[in-house]
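A.B. asks: Please work out how this folds:
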Amino acid sequence: MKARQTLPRCGAKRRSDGGACAAIAMSNGRCYLHGGSTPSGKDWHRTQLKNRSKSTKKLDRKLKDLARRRAKQAARVAAMTPEERARYDAWHAARKPGGPEVRRVAAETREFRDMLAERANATPVETAVAKAIREAIEALERRAARLKPPKAGPDAEDVFS
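C.D. replies: Here you go, the predicted model:
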C-alpha cells in the first residue's frame, strides 16, 4: 500500500472543486482519464496502433471498435437532413486532417494547379525574340521548298535530259 502512495499523481485539476486529481499518473504526467492515451500532434486523426507485436487480441479488439465506430458514424451521417449534412460537410472541409506541413503543401499544390489552369486558358504572348525565330523558320522553310527537285513520277517531265 505504501508503494502506491509514493507514485506520482496526475497534474490535472478536478472540475468539481479545482483540486488536483488523485489518480496515479502515467509517464506523461496525466492519468488515463485526463489525456494519457489521447493522440495529439500531426497524427491526431489517425488511429494509433502501437505495440502490434505484443498482443494480437488487443489489436483485434481495437480494429473491431474502430469498425464499429465508423459504421455508427456512417449511419448517423446517412440519417442527417440536407441542412445538417451541408453543415457537417462545411465543418469537415474547414478542418482538413494532417499536420501544418501537410496543409501547407496542399495549399501550395492548389495554388500551382490554379496558376497552370490560368496559364492554359490565357492567350499566348509572343515575345520579340520568339517572333524573330518564327519568321526565320518560315523563311528557311520557303527557301527549302524552292530548292527541292520536282517529284519523279509517271506523268512528270524529265527535266534532267
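A.B. asks: From here on, just use CA atoms for contacts and neighbour counts.
C.D. replies: Will do.
A.B. asks: Low-confidence bits of the protein, can you list those?
C.D. replies: Residue ranges of the chain with pLDDT under 70: 1, 35-40, 43-55, 150-161.
A.B. asks: can you give me the helices in it?
C.D. replies: For the chain, the helices defined by DSSP state H occupy 2-6, 56-78, 82-94, 100-121, 128-147.
A.B. asks: can you list these in a markdown table and add mean neighbour count and distance to residue 30?
C.D. replies: Converted to a markdown table, those look like this (neighbours: other C-alpha atoms under 10 Å; distance: least, C-alpha to C-alpha, whole Å):
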| stretch | mean neighbour count | distance to residue 30 |
| --- | --- | --- |
| helix 2-6 | 8 | 16 |
| helix 56-78 | 12 | 22 |
| helix 82-94 | 11 | 30 |
| helix 100-121 | 11 | 26 |
| helix 128-147 | 11 | 68 |
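A.B. asks: Tell me which of the ones you listed sits nearest to residue 24.
C.D. replies: Closest to residue 24 of the helices of the chain, according to C-alpha to C-alpha: helix 2-6, at 8.1 Å.
A.B. asks: how far does that closest one sit from the chain's center?
C.D. replies: Mean-position distance between helix 2-6 and its chain equals 48 Å (C-alpha atoms, centre = their mean, to the nearest Å).
A.B. asks: Can you dump the C-alpha atoms of it in PDB for me?
C.D. replies: Taking Å, rounded to 0.1, in the frame of the first residue of the first chain, the C-alpha atoms of helix 2-6 are listed here in PDB:
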ATOM      1  CA  LYS A   2       2.900   2.400   0.800                       C
ATOM      2  CA  ALA A   3       4.300   1.900  -2.800                       C
ATOM      3  CA  ARG A   4       1.100   3.300  -4.300                       C
ATOM      4  CA  GLN A   5       1.200   6.300  -2.100                       C
ATOM      5  CA  THR A   6       4.700   7.200  -3.400                       C
END
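A.B. asks: Sweet, I'm off.
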